[in-house]
Structures are given as C-alpha cells and as structure tokens.
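**Student:** Sharing a model prediction with you, sequence too.
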Amino acid sequence: MKILITDYKESMMPQHDIERQVLSAGLNDCEIMVYEYQNDHRAEFLKLVEDVDAILTAFVKIDREVFEHAPQLKVVSINATGYDNVDLDVAAEYGVGVCPVGEYCTQDVAEFTITVMHALVRNLKAYANDVERNHEWRYDLCLPNQRIENMTLGIVGLGKIGRAVATRAHALGMRVLATDPFITDEHYALVSDFVPLVDPEALFMESDVVTNHMNLNETNHRYFDTAKFSQMKKHPYFINMGRGAELREADLISALDEGQLKGAAMDVLESENPDLAHHPLVGRENVIITPHVAFYSQNSMESLQRISTQNIVNYLTGNKDDVFKLVTK
C-alpha cells in the first residue's frame, strides 16, 4: 500500500517518525511518501496521487480533481479537527472515507484560553511593552480590573473545549455562563452543576469575558459582529479560540476603537495567511494575537500524529469501527 503525507510547508510536521512507525507497524509492505505541497505545483501533486491508497493532510484541498486522478484512493485522513478542505459529497461518490481527528488538544486549547484571559485582565502586554520598550517601571500604567474570581466568563460553544474551559474557570472561582443550541443533555450534564445555559443575549449582557469555542458551521459564519458586540453591556474582553470565519474583523476593530470591548485575544484571524505587517489589529496593547497555536504542545502533537495515522491503518485493514471519527459512509 502507498500512503502520501502532504501539506503546505508551514503546516507540515517537523518530523514524521511517529507517523512512519504507526503506518509501518499496522500495514504490510507500506510505502510512505512525504510531499511538500505547493499550489503552483498542482500538476505534480495530481501525478503523485495516481496510485496512492491513502492521503494524510490537514489543509491541502481534496476536491473532485484529486478524486478523479486517484482511482486507488480509499481514505483521506485529516490531521486536524476540521475537514472543510475535503469535498465530502465527492468523497462519498467515489467511496472514499474521510477521517478527521475528533479530539487531540482539548486540554491544550483550554489551558491557552485561561492563559490569554489572565494576560488580558492583568494588562500583561501593556506592562511588558512599557518595561521593554520605554524602560519604565509603572504599576499604574493601566487601570486595574477586578480579580478573576469576581468576574463572569461567558462561553459560546460548550463542546469538549468549552467544557474544559468552564471547568478551569470554575476552579478559579469565576461565575461561568454558556450558550450552545446544539449541546446534548448527556454532554451538558458533565458541567450542569456549575454552568447555567442561557440565551446569547443574556450571556453577552452579563459577561466580563466572552470566549468563543464554536465549531464552524452554516449557522455561525460572521457570528460575532456589531450587533453582538453592542449587546455586551459590561465592555468585556473578547477571546476567539474557534474559527476566524466566525468573526467580522472589521466589526471587532470598530468595537475596540469605540471602547465597546476592553481588549481581545485571537488565536485565529479571518485569513490563515494574514498580512501581519499591515493588519489593523497588530500593535495594539490591548490585543493579543497568536498564530493558531493554542493546540500546540508536545503531547498534543504526538496524539495528533498517532490518531491520524492509526485512522489510516484501521480503515485500510477493515476495522472501520475503530476509526476515531469517520465523516463519510
């Protein structure tokens, strides 16, 4: 069997030892190719897929053109939780399984969310910049906030990550609210003792910090906009750990400029390849931007590689029930 590991240079794993180990141990006579994908070398990529049995990628577009060029392709494993780069309808038409990684970094993203919340509330960026750039030693540079334990955290999206954030915030003494129209009774029961479910308007009105952990779907494109920010009566801090497409950046900028928000932290922007040199959110002392890094730890990266390659092994050896998450029939 032939397995192709491919992605854009900036998205490739620095090493592939774990992937090779799992694939070689689980598949007999397994040939593994690693290919750095480039949009302007698409023809070369299409030539490579002509005899592959599996593709492992996070961001390479797998569309009808790819399926037409890959008659032996049986499974596309996504080493990410999202899978909108794959045309699922065409995959089903060609009988190809698509397997994203359902969970590998819940703890990491939750910890990161709490980290940036503390950084915002305690004005960490402004103080650090004042020391390093201005060589000043001023405790009263910024207006102080309340203690974290006296604040209300509003969580939009109470999935695995949202619940992990809720647990950590509750342990800090925070009042925690959440809104999620899709959560099941079973999942809500895990946090129902300390997280009341409220409608979005109530959450926005009562929260000192609002954090987004929604999965991107057809109902929440550009969800956070001027109308939502105008409902945030306590001028909270806003954190986006979901997807960049769930936010209207222009509206966020206006909300910051007008004082509707005290500050913001984003691990994602509207573009996955933003022009940071000219981005209007860069350089603000009340804005923290990180390069989609909340998931990134030694443990999460090992889990990501093992789960995504084991998905390929399980699928190709007929053990489809053991695939971590299968989104096509």
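**Tutor:** Right, received. Where do you want to start?
**Student:** The stretch 1-150 of the chain: strands as residue ranges?
**Tutor:** Secondary structure of the stretch 1-150 of the chain, counting by DSSP state E, counting those that start in this stretch: strands at 2-8, 31-37, 54-57, 75-78, 97-100.
**Student:** wait, I meant the stretch 201-329 of the chain
**Tutor:** Applying DSSP E, counting those that start in this stretch to the stretch 201-329 of the chain gives strands spanning 209-212, 237-240, 263-266, 287-289.
**Student:** Identify whichever of the ones you listed lies nearest to Phe194.
**Tutor:** strand 209-212 (16.1 Å; CB to CB). The way it works is simple: take the backbone N, C-alpha and C, and place the C-beta from them, glycine included.
**Student:** by contact count, what packs against the closest one?
**Tutor:** For strand 209-212, the packing partners by 3 or more CB pairs under 8 Å, 6 or more residues apart in numbering; DSSP states H and E come out as helix 106-121, strand 152-156, strand 237-240.
**Student:** Mean pLDDT and distance to Ile307 for the strands of the stretch 201-329 of the chain - can I get that in a markdown table?
**Tutor:** Formatted as a markdown table, those follow (pLDDT from 0 to 100; distance: least, CB to CB, whole Å):
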| stretch | mean pLDDT | distance to Ile307 |
| --- | --- | --- |
| strand 209-212 | 99 | 25 |
| strand 237-240 | 98 | 25 |
| strand 263-266 | 98 | 27 |
| strand 287-289 | 98 | 28 |
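**Student:** Let me have those strands in a markdown table, adding distance to Ile18 as columns.
**Tutor:** Formatted as a markdown table, the strands of the stretch 201-329 of the chain follow (distance: least, CB to CB, whole Å):
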| stretch | distance to Ile18 |
| --- | --- |
| strand 209-212 | 31 |
| strand 237-240 | 30 |
| strand 263-266 | 30 |
| strand 287-289 | 30 |
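**Student:** residues near Asn145, how many?
**Tutor:** Counted with other CB atoms under 10 Å, residues neighbouring Asn145 total 16.
**Student:** For the closest residue to it other than its chain neighbours, the count of nearby residues, please.
**Tutor:** Among residues not flanking Asn145 along the chain, Val121 sits closest, at 5.0 Å (CB to CB, 6 or more residues apart in numbering). When neighbours are defined as other CB under 10 Å, Val121 has 19 of them.
**Student:** residues contacting Val121?
**Tutor:** Counting by CB atoms under 8 Å, 6 or more residues apart in numbering, Val121 makes contact with 145, 148, 151, 209, 237.
**Student:** Now the two most distant members of those.
**Tutor:** Ile148 and Tyr237 (11.2 Å).
**Student:** what do these two both touch?
**Tutor:** 117, 121.
**Student:** Can you add distance to Asp275 and mean neighbour count and give the strands of the stretch 1-150 of the chain back as JSON lines?
**Tutor:** Output for these, formatted as JSON lines (distance: least, CB to CB, whole Å; neighbours: other CB atoms under 10 Å):
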{"stretch": "strand 2-8", "distance to Asp275": "17", "mean neighbour count": "21"}
{"stretch": "strand 31-37", "distance to Asp275": "22", "mean neighbour count": "16"}
{"stretch": "strand 54-57", "distance to Asp275": "25", "mean neighbour count": "27"}
{"stretch": "strand 75-78", "distance to Asp275": "27", "mean neighbour count": "27"}
{"stretch": "strand 97-100", "distance to Asp275": "29", "mean neighbour count": "24"}
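**Student:** and these as a markdown table, adding distance to Val287?
**Tutor:** A markdown table is the format used below for the strands of the stretch 1-150 of the chain (distance: least, CB to CB, whole Å):
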| stretch | distance to Val287 |
| --- | --- |
| strand 2-8 | 26 |
| strand 31-37 | 32 |
| strand 54-57 | 32 |
| strand 75-78 | 31 |
| strand 97-100 | 30 |
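**Student:** Could you say which one of these comes nearest to Ile253?
**Tutor:** strand 2-8 (27.8 Å).
**Student:** which strands and helices sit next to that closest one?
**Tutor:** Contacts defined by 3+ CB pairs under 8 Å, 6+ apart place strand 2-8 against strand 31-37, helix 42-48, strand 54-57.
**Student:** The shortest one: partners in the sheet, and parallel or antiparallel?
**Tutor:** With DSSP bridges as the test, strand 54-57 is paired with strand 2-8 (parallel), strand 75-78 (parallel).
**Student:** Which one of those strands lies nearest to Val131?
**Tutor:** strand 2-8 (36.9 Å).
**Student:** can you list contacts of that closest one?
**Tutor:** Under CB under 8 Å, 6+ apart, the answer for strand 2-8 is 16, 19, 23, 27, 30-38, 45, 48-49, 51-60, 72, 312.
**Student:** and the angle from that strand to strand 31-37?
**Tutor:** Computed with axes from the mean of the first three to the mean of the last three CA atoms, to 10 degrees, the direction of strand 2-8 lies at 20 degrees from that of strand 31-37.
**Student:** what's the offset of strand 2-8 from the middle of its chain?
**Tutor:** 22 Å (CA atoms, centre = their mean, to the nearest Å).
**Student:** what's near enough to touch Phe59?
**Tutor:** Residues near Phe59 by CB under 8 Å, 6+ apart: 7-8, 11, 80, 85, 272.
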